[in-house]
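Engineer: Requesting a structural model of the entry that follows:
(chains A and B)
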Amino acid sequence: AQSVTQLDSQVPVFEEAPVELRCNYSSSVSVYLFWYVQYPNQGLQLLLKYLSGSTLVKGINGFEAEFNKSQTSFHLRKPSVHISDTAEYFCAVIPPYGGATNKLIFGTGTLLAVQP
Amino acid sequence: DTAVSQTPKYLVTQMGNDKSIKCEQNLGHDTMYWYKQDSKKFLKIMFSYNNKELIINETVPNRFSPKSPDKAHLNLHINSLELGDSAVYFCASSPTGLEQYFGPGTRLTVT
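Structural biologist: Below is the predicted model:
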């Protein structure tokens, strides 16, 4: 069964520092990859997605992620974080079954805690 | 101009009661979902509907029954609520079955 691993449950970082949130998935076939952000007491917002094509994907709020098929990773990066980036970040995959049977399989989340 | 909305936002009820959560999307998407987020923030899919037809049912107890009166609405009815049902329930919709757009969530507390 498909699974997603986010090794870091919490990542503390100072404002304006760079950050990387790690995500690895288990699959020997191509998958679709996503990062979602959940601000406190809110729903999930799509940050970025990798469906095909360029392995470097740019998203909203200055975030980007790189798909690495050989390492089955999809790490999220931002060169300079702001206090407002403090949130829970979820990596997710969709196995390529196709159509309406697609279901997001989420990692356990990483809390990005930006300190002044 | 809310895309995916849920009501209520908070729901506090006692064990054994029956309750419903409503979801509406105005995006014109064909596919809608219910996800459950537990106290450790783990998210898991419960159901998926495509154009009012049940597509995914992820080993959810029979006490949970989704209903889709039309493709813009997907409601979740829960019978005989248990303490373990306490969680945040998210509705989502998708145009393609890939990128999914989530509602704000309904925090259910069973006492």
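
Engineer: Please spell out which residues along the lowest-mean-pLDDT helix or strand in chain B are buried.
Structural biologist: Here the helix or strand of chain B ranked lowest by mean pLDDT, DSSP states H and E is strand B:53-57, holding a mean of 85. When burial is assessed from 16 or more other C-beta atoms under 10 Å in any protein chain shown, strand B:53-57 yields the following buried residues: B:55, B:56. (C-beta placed from N, C-alpha, C; glycine too.)

Engineer: burial measure for residue B:36, as a count.
Structural biologist: 20 (other C-beta atoms under 10 Å in any protein chain shown).

Engineer: So which bits of the very next helix or strand once past the least confident helix or strand of chain B are buried?
Structural biologist: Where DSSP states H and E defines the elements, the next helix or strand beyond strand B:53-57 is strand B:64-70. For strand B:64-70, a neighbour-count test (16+ other C-beta under 10 Å) marks B:64, B:66, B:68 as buried.

Engineer: Any buried residues in stretch A:88-103, and which?
Structural biologist: Those would be A:88, A:89, A:90, A:91, A:92, A:93, A:94, A:95, A:100, A:102, A:103, for stretch A:88-103 by 16+ other C-beta under 10 Å.

Engineer: So for the most centrally placed residue in chain B, what's the pLDDT?
Structural biologist: When C-alpha atoms, centre = their mean is applied to chain B, the residue found nearest the centroid is residue B:34 (3.5 Å). On the pLDDT scale, residue B:34 is placed at 95.

Engineer: hang on, the earlier thing: near chain B, from the buried residues of stretch A:88-103?
Structural biologist: For chain B, the contacts drawn from the buried residues of stretch A:88-103 by C-beta under 8 Å from any C-beta of the partner chain are A:88, A:90, A:94, A:100, A:102, A:103.

Engineer: Look at residue A:61 and give its secondary structure.
Structural biologist: In three-state terms, and counting by DSSP: H, G, I helix; E, B strand; the rest coil, residue A:61 is helix.

Engineer: quick one: it from residue A:1, how far?
Structural biologist: As judged by C-beta to C-beta, to the nearest Å, residue A:61 and residue A:1 stand 32 Å apart.

Engineer: Sounds good, over and out.
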